[in-house]
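Undergrad: fold the following for me, if possible:
(chains A and B)
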Protein chains: 2
Amino acid sequence: VTSHKPVVAVIGTGLIGASVALALKENGYCSKVLGVGRTATSVENALKVGAIDEVLPDCASAAQADVIMLAAPVRAIISHLRELGLCDNRARLIMDAGSVKAPIVEAALESGLGGIFVGGHPMAGSEKSGAVHARADLFEKRTFFIVPTREASDKSLEEAERLVGALGAVPCRIGSKEHDKTVALVSHLPYLAAVTLSELAGNSIDSVHALKKGIAGGFRDVTRIADSSPEMWDDILSLNGANIEEWLDLLVGSAREIVAKARDNDNLEKLLADIREKRRKLLE
Amino acid sequence: VTSHKPVVAVIGTGLIGASVALALKENGYCSKVLGVGRTATSVENALKVGAIDEVLPDCASAAQADVIMLAAPVRAIISHLRELGLCDNRARLIMDAGSVKAPIVEAALESGLGGIFVGGHPMAGSEKSGAVHARADLFEKRTFFIVPTREASDKSLEEAERLVGALGAVPCRIGSKEHDKTVALVSHLPYLAAVTLSELAGNSIDSVHALKKGIAGGFRDVTRIADSSPEMWDDILSLNGANIEEWLDLLVGSAREIVAKARDNDNLEKLLADIREKRRKLLE
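TA: Numbering: from 1, shown residues only, chains lettered A, B, ... in the order given. Here you go, the predicted model:
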């Protein structure tokens, strides 16, 4: 029976890649996991936490696996797809976990991998990075967006859903453009807010003497995601900038409107209570 | 010995008032705590959790206490100060816990309470409200801003520092204007960001179909403080609007700059890493 279980290769052995590997092994989805990491430390950590069984030297050697999971920053995923496009792929599924889908789906098609590639994006993560923080239950009950290319085969789609199921995640099919617009609002814009608040506070430390003493839980919570990987976010902001900018315009308009109402001494209590209610419904 | 311990009255028996009461009792600062609440539920909860020993019918009757703590939304604090100004005060200290200090200090002076009033602001709190969430250790090791009026007596200032010490908090003296500018940056602007992100997402639920499924920990963290009391924040935004607006202009400028760099394909990694480092230093 186990002979039918796929050999999985994860390319990228950080928090996401190692957590995928741990979950797939724990749930018996695969017979073994091969890992390609960018640094010696990264693969060593993934070996140490038991996420991967063997280390592969490069992306091309992952083409021997049955299922390939690309768990790297978005630009790295794109260049891995180009490399894999040049290989003699045995894989029945190439999937990824990148945060921006349109450029990745496009790269898969351009690399001639449209039939076996299925885009993916788990709505789970952490401001922490590295395999040392990996957890087999990271994706448990979380949405896992599945973004097929227009050429995706039924077989690869079925395999993708099987894999997502093995992670304990909830698959949700979506087009790449709709995906990118959605995450620009619920994930990328909040990061931009966190990072600009951190920048403004960081730059004000000399002029605002009590700044450090004034910082409490609110600031910490709001800016927590500003602690996550700069490399990952460089790619996201650059490759999803147009969507983020559209949402930013609306956000700025809304902030200015609230401040103007406050200045005019309008009663804001009802507005703020309505927003609180809307947020609670979103998080239900 | 206990006869020298002050009788404390807390006006406002929500999260902050009840936590102050619990801490002062636990640390033996006072002989008993009297409470004035706005609703029957509020005082009942404060009695139930053991924060207050007796209920007073109104603000004026609190004038019999030795120490009065005003723990209400800012506008309510201002009107309580006006009421107390008309009473025959026995208090050696009137303190408050409001988030905007300039208008409160001004109201204390105008009410003839400048000598016994000392402004206060604990940098602690929660998005939860009500005495049911009160904790004696809420202020433990947190900054407690102390904002004297220009008329403050040494005796009232000493009493204020004794009280803050009994809360386990770290006293930090600051002028009202500097205070209001500081908290506008580290607390009020993050709230504004949280609330506008929540509003934008809440208003987009019909047009962005996968919105609810796309929401994960990042959005939840960034917007958490949008769950706190609308009444409290109405007062803060209205009474500290000018400071908030100044910071907002800088924040918007910084966000637009980052997005423009992303669009121009500048390498953002170093900038984002620098910001992360600055934030870490702020939170040390």
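Undergrad: only C-alpha atoms for contact and neighbour calcs from this point on.
TA: Fine.
Undergrad: would you confirm that residue A:208 belongs to a helix?
TA: No - the assignment for residue A:208, made by DSSP: H, G, I helix; E, B strand; the rest coil, is coil rather than a helix.
Undergrad: what's it in contact with, if anything?
TA: Residues near residue A:208 by Cα atoms under 8 Å, 6 or more residues apart in numbering or on different chains: B:178, B:182.
Undergrad: for it, report the pLDDT, please.
TA: Residue A:208 carries a pLDDT value of 96.
Undergrad: do you know how far it is from residue B:283?
TA: 15 Å (Cα to Cα, to the nearest Å).
Undergrad: next: residue A:62.
TA: Using Cα to Cα, residue A:62 is found at 42 Å from residue B:283.
Undergrad: ok, these two, which is more surrounded?
TA: Applying other Cα atoms under 10 Å in any protein chain shown to residue A:62 and residue B:283 shows that residue A:62 carries more neighbours, namely 26 against 12.
Undergrad: that one contacts residue A:9, correct?
TA: Yes - using Cα atoms under 8 Å, residue A:62 is in contact with residue A:9, at 5.9 Å.
Undergrad: overlap in contacts of these two?
TA: Common contact partners of residue A:62 and residue A:9 (Cα under 8 Å, 6+ apart): A:34, A:36, A:68.
Undergrad: contacting residues around stretch A:160-177?
TA: Contacts with stretch A:160-177, where a contact means Cα under 8 Å, 6+ apart, come from A:20, A:23-24, A:27-29, A:93, A:95, A:101-102, A:105, A:118, A:122, A:136-137, A:139-148, B:210.
Undergrad: mean confidence for it?
TA: On average, the pLDDT along stretch A:160-177 is 97.
Undergrad: quick one: residue A:172 is in a helix?
TA: No - if the criterion is three-state DSSP, then residue A:172 is strand and not within a helix.
Undergrad: helix, strand or coil for residue A:270?
TA: Residue A:270 is classified as helix under three-state DSSP.
Undergrad: can you check the pLDDT for the spatially most central residue of chain A?
TA: Closest to where the C-alpha atoms of chain A average out (Cα atoms, centre = their mean) is residue A:99, at 4.2 Å. pLDDT recorded at residue A:99 is 97.
Undergrad: helix, strand or coil for it?
TA: Criterion first, three-state DSSP; result for residue A:99: coil.
Undergrad: that one contacts residue A:125, doesn't it?
TA: No - contact criterion Cα under 8 Å: residue A:99 and residue A:125 do not qualify, at 10.9 Å.
Undergrad: so where do the helices sit in the stretch 1-150 of chain A?
TA: Ranges of helices in the stretch 1-150 of chain A, per DSSP state H, counting those that start in this stretch, are A:15-26, A:40-48, A:74-85, A:102-110.
Undergrad: now, of those, which is deepest in the fold?
TA: Of all the helices of the stretch 1-150 of chain A, helix A:15-26 has the most neighbours on average by mean count of other Cα atoms under 10 Å in any protein chain shown, namely a mean of 26.
Undergrad: dump that one to CSV, keeping only the CA atoms.
TA: C-alpha atoms of helix A:15-26 as CSV (Å, rounded to 0.1, in the frame of the first residue of the first chain):
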residue,chain,number,x,y,z
LEU,A,15,8.3,27.7,8.6
ILE,A,16,5.8,26.8,5.8
GLY,A,17,7.8,24.2,4.0
ALA,A,18,8.7,22.4,7.2
SER,A,19,5.2,22.6,8.6
VAL,A,20,3.7,21.2,5.4
ALA,A,21,6.3,18.3,5.6
LEU,A,22,5.5,17.6,9.2
ALA,A,23,1.8,17.5,8.6
LEU,A,24,2.0,15.3,5.5
LYS,A,25,4.2,12.8,7.3
GLU,A,26,2.0,12.8,10.4
